[in-house]
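Colleague: Predicted model, plus sequence, below.
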Number of protein chains: 2
Amino acid sequence: MTISYIAETAGVSIPTVSKVINGRSGVSPDTRARVEALISEYGYRKVNRRNMMELVFGELEDMWGIEVIRGVERVAREHRVGVVLTEFGPRRDTGEHPIDETLARRPACVVTVAQLSEEQRDQLRAKDIPFVVFDPTTELPDGVPFVGATNWAGGRAATRHLIELGHRRIAMIAGPDRVLCCRARLDGYRSALEAAGLSADPGLVVRTDLTREDGRTAAIGLLNRAERPTAIFACNDLQALGVYQAARELGLRIPVDLSVVGFDDLPITALVDPPLTTVHQPLTEMAAAATELALALGRGEETPQVGLELATTLTVRESTSPPVCPPE
Amino acid sequence: MTISYIAETAGVSIPTVSKVINGRSGVSPDTRARVEALISEYGYRKVNRRNMMELVFGELEDMWGIEVIRGVERVAREHRVGVVLTEFGPRRDTGEHPIDETLARRPACVVTVAQLSEEQRDQLRAKDIPFVVFDPTTELPDGVPFVGATNWAGGRAATRHLIELGHRRIAMIAGPDRVLCCRARLDGYRSALEAAGLSADPGLVVRTDLTREDGRTAAIGLLNRAERPTAIFACNDLQALGVYQAARELGLRIPVDLSVVGFDDLPITALVDPPLTTVHQPLTEMAAAATELALALGRGEETPQVGLELATTLTVRESTSPPVCPPE
DNA sequence: CTGAAAGCGCTTACAG
DNA sequence: CTGAAAGCGCTTACAG
């Protein structure tokens, strides 16, 4: 399957086919359509480049990496595009930065879970490789394409669920302020409290890292307060599992003595005892959307939306129930 | 970086450099060495092919896919080889099989977690693409390269651990007989019992699928027997988590009333309550070894070993203890 | 063993 | 908008 065969069959010259394939101007719509029809009929594919895209991770996450990969794979397969998987994180030692290798491969587009630096983004732009940032953790300049989740709405929904169950003293284990999605979840929590006419007690908000151990420590602090919270909303599922540990150590039963809500809906949360009520992030769909967007940009299409957030949903399981003796 | 630049610098003709790069004959050792030195000095790489390898999954596994990917990534990065990730499983609808796309990409080599058919293996051989089977589930013909784990030894170690704790009525929830690693684990269990002079009660072995739900059902059956086993060895961690469910439902405490051992050491097993004693499969190291092997085959090297199994190790956590009243 | 020559698939600059 | 012409990077067949 060569350009010359396509050209002969279409009754046009080789350069014309070349232009169509590379999306250049200077071809009439008619001719373009005819050539494109033949290209898809014969399954012609450029050998050198542009039938590959790249999925870049900072570090492959144990818990949710697979769901992202699955979404990217699905869409890439539909478009007959191969996916090169790259991990940036673990090595800084060798002189060459992994981004150089990504650049050298000239992928059709990049979906990046890693937070690229301004410089790295410029490098990609310079090589005309469009990219989409997956679930950005920091504020991005306008015009940088991204796909995220509705973190604020998720935090709000989780908190409202607890309020509707009758909880009044609802604590939050929040994440680091520098991580954008953590701030959004915290603000969602506050917003739900405010909407319900409840005052947010600053003493019931603890900022800590997104690990199980930090969740445990924070929960122990909260649960040892004079007026114990009846519910804890954790910024992510790992922290929520730390709350489980703390509750066990303090002899508190979930959900009878303490309701717990997490965030992320990791596969493991359905398997713990009791199964965790948590805010579901549609990671696979987010990854699929990011890939569609990146591929569209790679084809040079004008996309109406370069940034979007997909809706989170509350998955109610068994770690939440009405408080035993409603306070106040 | 072009062939002509290398040729000029080396003081040879372009065809000569081309021959060196493609590993063809008709170049003197001297010339070849000189050209190769320049190629590695300037980091010249063929654009078309052979700086990519392919990692093929049947279906991306929630629980351990990431660990495999991580091992492959690490080694591929060291060798400056990109990794294309492909998922075979979920689609049969489109006429073209994913293997065709893998073949069309002409990777330097393939590491496959999917069980390839004889025909698919032949296709790869025909295109001169070497491959290594990761953790084969069925018997492979001699000479097919593979990397697995010592399943028999793992099953033996798990069972011996229970025997050493004083257990005598040790049940096993085994996997399907057609899956090779399940048979090996079962035989390891039997072998440990025999070595300890214990008779294997066939009534204490249940064959079922490798899911949590099947583990739960099997465990309920076992725990309702007149002479209840004091320990259960499950063929994988998901089944072991099903045993946890069953124990909870029957009001049995782990490990006081029942010891449980799993197999795989999924990340989640450290997080459940109590943390699960399980046989660790070195998935990342297995993946790294498979990749080293595949890349070596791709370079046309003679490798001393085309099949190997990496050692499993027993990870003792808190789901095993001596039986409360040792039977007999 | 070496490289001049022909050729392949593709792109680019430009004349019409 | 179209394609003849020149050119690029590489490979192949073959003369020396």
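Modeller: It's in.

Colleague: Quick check, the residue in the stretch 201-328 of chain A closest to chain B?
Modeller: Among residues of the stretch 201-328 of chain A, the one nearest chain B by C-beta to the nearest C-beta turns out to be A:Ile268. It sits 4.6 Å away. From N, CA and C alone the C-beta is placed, and that goes for glycine too.

Colleague: could you check the distance from that residue over to B:Arg317?
Modeller: Separation of A:Ile268 from B:Arg317 (C-beta to C-beta, to the nearest Å) stands at 16 Å.

Colleague: which of those two has more neighbours?
Modeller: Legend: neighbour count by other C-beta atoms under 10 Å in any protein chain shown for A:Ile268 and B:Arg317, higher for A:Ile268 (23 against 17).

Colleague: Could you verify my assumption that that one touches A:Asp237?
Modeller: Yes - between A:Ile268 and A:Asp237 there is a contact at 7.4 Å, judged by C-beta atoms under 8 Å.

Colleague: intersection of neighbour lists for those two?
Modeller: Shared between the contact lists of A:Ile268 and A:Asp237 (criterion: C-beta atoms under 8 Å, 6 or more residues apart in numbering or on different chains) are residues A:Met63.

Colleague: what about stretch A:200-215, start to end distance?
Modeller: With C-alpha to C-alpha, to the nearest Å as the measure, the ends of stretch A:200-215 fall 20 Å from one another.

Colleague: That should have said stretch A:119-135, apologies.
Modeller: The separation between the terminal residues of stretch A:119-135, taken as C-alpha to C-alpha, is 19 Å.

Colleague: what's that stretch in contact with?
Modeller: A:68, A:99, A:102-103, A:106-113, A:115-116, A:140, A:144-149, A:181, A:286-287, A:290-291, A:293-294, A:297-298.

Colleague: in it, what's buried?
Modeller: With burial defined by 16 or more other C-beta atoms under 10 Å in any protein chain shown, the residues of stretch A:119-135 counted as buried are A:120-121, A:123-124, A:129-135.

Colleague: Can you tell me the closest non-neighbouring residue to A:Thr269?
Modeller: Beyond its immediate neighbours in the sequence, the residue positioned closest to A:Thr269 (C-beta to C-beta, 6 or more residues apart in numbering or on different chains) is A:Leu276, lying 4.1 Å away.

Colleague: In contact with that neighbour, which residues?
Modeller: With contacts defined as C-beta under 8 Å, 6+ apart, the neighbours of A:Leu276 are A:237, A:240-241, A:244, A:260-262, A:269-270, A:317, A:319.

Colleague: Now restrict those residues to buried residues only.
Modeller: So, of the contacts of A:Leu276, A:237, A:240-241, A:244, A:260-262, A:269, A:317, A:319 end up buried under the neighbour-count rule (16+ other C-beta under 10 Å).

Colleague: Sitting in helices, which of those do you find?
Modeller: Among these, the residues falling in helices (DSSP state H) are A:237, A:240-241, A:244.

Colleague: Would you tell me which one of the residues you listed comes nearest to B:Pro255?
Modeller: Using C-beta to C-beta, A:Tyr244 is the member of those that sits closest to B:Pro255, with 19.1 Å.

Colleague: my guess is that closest one contacts A:Ile268, does it?
Modeller: No - with contacts counted by C-beta under 8 Å, A:Tyr244 stays clear of A:Ile268, the gap being 11.4 Å.

Colleague: and A:Val75, how far is that from DNA strand C?
Modeller: Spatial separation of A:Val75 from DNA strand C under the definition C-beta to the nearest atom of the strand, to the nearest Å is 24 Å.

Colleague: host element of that residue?
Modeller: A:Val75 belongs to helix A:65-78 when assigned by DSSP states H and E.

Colleague: Tell me which other helices or strands the next helix or strand after that helix touches.
Modeller: Tracing the chain C-terminally past helix A:65-78 and defining elements by DSSP H and E, one meets strand A:82-87 next. Contact analysis of strand A:82-87 by 3 or more C-beta pairs under 8 Å, 6 or more residues apart in numbering or on different chains; DSSP states H and E lists strand A:52-57, helix A:65-78, helix A:98-105, helix B:65-78, strand B:82-87 as its packing neighbours.

Colleague: ok, and what's touching the last one?
Modeller: So the one you mean is strand B:82-87. The contact list for strand B:82-87 (C-beta under 8 Å, 6+ apart) reads A:52, A:55, A:69-70, A:73, A:77, A:82-86, A:101, A:105, B:51-60, B:69, B:72-73, B:76, B:98, B:101-102, B:105, B:107.

Colleague: Check those for burial and list the buried ones.
Modeller: So, of the contacts of strand B:82-87, A:52, A:55, A:69-70, A:73, A:77, A:82-86, A:101, A:105, B:51-57, B:60, B:69, B:72-73, B:76, B:98, B:101-102, B:105, B:107 end up buried under the neighbour-count rule (16+ other C-beta under 10 Å).

Colleague: of the residues you listed, list those near DNA strand D.
Modeller: When the buried ones among the contacts of strand B:82-87 are checked against DNA strand D using C-beta under 7 Å from any atom of the strand, none falls in range.

Colleague: tell me the secondary structure for A:Gly26?
Modeller: coil (DSSP: H, G, I helix; E, B strand; the rest coil).

Colleague: Go through the buried residues of stretch A:119-135 and name the one nearest DNA strand D.
Modeller: Top of the list for closeness to DNA strand D, among these and by C-beta to the nearest atom of the strand, is A:Ile129 at 19.9 Å.
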